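Trainee: no sequence for this one, just the structure:
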């Protein structure tokens with residue numbers, strides 16, 4: 001059965017400001033990697049049919065290897081499926097992994113809903129690979145949303 005998660009956060013910024021944090025590689029490197037992970041965007045083409053490749057690196061202080069691509073790295077490729085400026089971004093995500101539990105196309109839909117001078121940002125993940133526990137995906141998403149809020153507020 002396909003795994004799905006959904007997480008939201010109110011952020012004290014306009015939908016346009018938050019949307020723009022999805023359109024620049026350096027911004028993604030700053031806020032997308034959850035927790036103490038670091039991000040590195042390798043390619044970036046923000047348009048429908050375009051996409052990006054990114055690596056998220058675990059901190060060296062984490063001794064237990066858990067990377068999907070390498071011991072300390074999760075690398076994935078994103079294709080932009082739908083872009084509605086300041087409202088919605090839909091992405092197809094594929095992990096670079098030799099482990100079949102991490103293979104398969106996951107959908108990440110991000111919506112921006114203005115509410116009283118702030119914006120509700122919602123991440124909806126569909127078809128999460130079976131190697132990723134939904135609770136881990138939710139925890140990572142909440143961490144990224146926290147970093148996004150700090151980045152734009």
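Mentor: Yep, that arrived. Not measured: the values here are computed from a predicted model.
Trainee: In the chain, spot the helix with the most residues.
Mentor: helix 134-152 (DSSP state H).
Trainee: helices or strands up against it?
Mentor: Contact partners of helix 134-152 among helices and strands, from 3 or more Cβ pairs under 8 Å, 6 or more residues apart in numbering; DSSP states H and E: strand 3-11, helix 15-20, helix 25-31, strand 118-128. C-beta: built from backbone N, CA, C; applies to glycine.
Trainee: of those, which approaches residue 150 most closely?
Mentor: The closest of the helices and strands packed on helix 134-152 to residue 150 is helix 25-31. By Cβ to Cβ, the value is 7.5 Å.
Trainee: Just the buried positions in the closest one, please.
Mentor: 25, 27-31 (16 or more other Cβ atoms under 10 Å).
Trainee: ditto for stretch 122-137
Mentor: Neighbour-count burial for stretch 122-137 [16+ other Cβ under 10 Å]: 122-125, 128-129, 132, 137.
Trainee: and which of these is nearest to residue 114?
Mentor: The nearest member of the buried residues of stretch 122-137 to residue 114, counting by Cβ to Cβ, is residue 122 at 12.6 Å.
Trainee: what's across from that closest one in the sheet?
Mentor: residue 8, residue 111 (DSSP bridges).
Trainee: Touching, it and residue 5? I think so.
Mentor: No: assessed by Cβ atoms under 8 Å, residue 122 is found out of contact with residue 5, at 10.9 Å.
Trainee: Angles on the backbone of the residue sitting nearest the centre point of the chain, please.
Mentor: Residue closest to the average C-alpha location in the chain (Cα atoms, centre = their mean): residue 32, at 5.5 Å. Torsion angles at residue 32 (phi, psi; degrees, to the nearest 10) stand at phi -70, psi -40.
Trainee: where does this protein have low pLDDT?
Mentor: 62-65 (pLDDT under 70).
Trainee: Kindly recompute the last result at 90.
Mentor: 1-2, 58-73 (pLDDT under 90).
Trainee: just to revisit the earlier point, redo the helices and strands packed on helix 134-152 as JSON lines? Include distance to residue 54.
Mentor: Conversion of the helices and strands packed on helix 134-152 to JSON lines gives the following (distance: least, Cβ to Cβ, whole Å):
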{"stretch": "strand 3-11", "distance to residue 54": "19"}
{"stretch": "helix 15-20", "distance to residue 54": "18"}
{"stretch": "helix 25-31", "distance to residue 54": "7"}
{"stretch": "strand 118-128", "distance to residue 54": "16"}
